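Engineer: Show me the folded form of this:
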Amino acid sequence: MSTQEDIAVSYDVSNEFFALWLDRRMNYSCALFEGTDDLEQAQVNKLRYFHDGARVDPGKRVLDVGCGWGANIEFLARDMGVADLTGITLSKAQFAAIEAKQIPGVKVECVSYKDYQPERPFDAAISIGMFEHIATPEEARAGKHIAIYRDYFRRVWSWTTPGSWFGLQSVIGDRVPRNPTDLREIAHATYTIFPGAITPRLEAIIASTNPYWEILEVKTRREHYEKTAAEWLRRLRSHETEIRERWGDRYEEYERYLAACVMAFAKGYQSLVQMLLRRVD
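Structural biologist: Predicted coordinates for the structure are as follows:
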C-alpha cells in the first residue's frame, strides 16, 4: 500500500492550499451532480448517498476508512446526528485538521488500515477515495493486487457487526490511452501527485469482495468526476496569483494534474464507482 511518505506527497502539501480549490467541507473526491450544478451541493449529495446507502442512523457506530480532512464524519456528526464516529487516515496533516475541529462524537486516528484495531466493532463502514492507495503499481503488475484487496475487505469485515453495510467509492481504470500524450499526462498525475497509488479495475474490486461482502449496488459516475475535476481546475485557476506567491511551482504541477483528470474522465480512460456492500454473515 502507499506509505506514509507517499501519502504526505499527496495530501500534506498544505491544508490551506487545498482549501482554496476544494469545496468548503474539503471533499477530495467525486461529487454527485444530481439535480444541481453547484459543487457544494453536489458534495453533500455524495455524502448523503453514503449515509443512506450504508444504512447509517444516529444510533449506529460508524467507521470512515481513509477519512481525509473529515468531510464525511463531520457531515454525519453535525448534519445527521450520528454520535459515535471514528475516522482513520495516514496523513498527518489531515489528522491534525480533524483534531482541531473538535467534532462532537468523533474520534480520529493517524494509522494505517493494516495496523488498525478498533476497541469494539462498528455497525457501518464507509470509505471514499482511499481504495486507490491499497495496492501499489508494482504489486498490481506482479498480480498481487486482488489478494491485497481481499485482505482489505476481510479486515473491514472483521471490524463490523453482523448485518453491517459498507459504502465504497473509488476511481477505477477503464481504457489504457493509445495516444502517447494522454498516456504521459495520466502517468505524470499518477506518479507525481499520487506516488504508490493505482486505480483498480472494477472487475478486480468485484472479485476481491468475496467471501466477505455481498454487492448490492454498483453505480459508475464517470461524468460526475469529469465535472468535479473541471470545477476544481476552475477554482485553482481563479487563485493562480496567490498559489504562485505562496507555493510556487505547485500551481503548474496541480494545473497539469487537474487538466489530466478532466481529460481522463472525459475520454473514458478512468471512471468512478460507488458500491454498496452488505456483510456476509
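Engineer: drop to CA atoms for contacts and neighbour counts, all remaining ones
Structural biologist: Noted.
Engineer: Over to residue 206: give its phi and psi.
Structural biologist: phi -60, psi -40 (degrees, to the nearest 10).
Engineer: Counting neighbours, what do you get for it?
Structural biologist: 17 (other CA atoms under 10 Å).
Engineer: which non-adjacent residue is nearest it?
Structural biologist: Closest residue in space to residue 206, ignoring its immediate chain neighbours: residue 215 at 7.9 Å, by CA to CA, 6 or more residues apart in numbering.
Engineer: Can I take it that the one you found is in a strand?
Structural biologist: Yes - assigned with DSSP: H, G, I helix; E, B strand; the rest coil, residue 215 falls within a strand.
Engineer: what residues are up against it?
Structural biologist: Counting by CA atoms under 8 Å, 6 or more residues apart in numbering, residue 215 makes contact with 206, 209, 275, 276, 277, 278.
Engineer: ok, which pair from those is furthest apart?
Structural biologist: 206 and 278 (13.1 Å; CA to CA).
Engineer: for the stretch 51-200 of the chain, what spans make up the strands?
Structural biologist: 61-65, 84-89, 106-110, 122-128, 160-173 (DSSP state E, counting those that start in this stretch).
Engineer: tell me the mean pLDDT for the first one?
Structural biologist: It refers to strand 61-65. With pLDDT averaged residue by residue, strand 61-65 scores 98.
Engineer: Now do it and strand 84-89, the angle between them.
Structural biologist: Angle between the axes of strand 61-65 and strand 84-89 is 10 degrees (criterion: axes from the mean of the first three to the mean of the last three CA atoms, to 10 degrees).
Engineer: and what of the third one?
Structural biologist: Counting by the same axes, to 10 degrees, strand 106-110 lies at 20 degrees to strand 84-89.
Engineer: which residues are in contact with strand 106-110?
Structural biologist: Under the contact criterion CA under 8 Å, 6+ apart, strand 106-110 has outside partners 73-74, 77, 83-92, 95, 98-99.
Engineer: same question, the first one
Structural biologist: By CA under 8 Å, 6+ apart, the list of residues contacting strand 61-65 from outside reads 56, 72-73, 82-89, 113, 122-128, 130.
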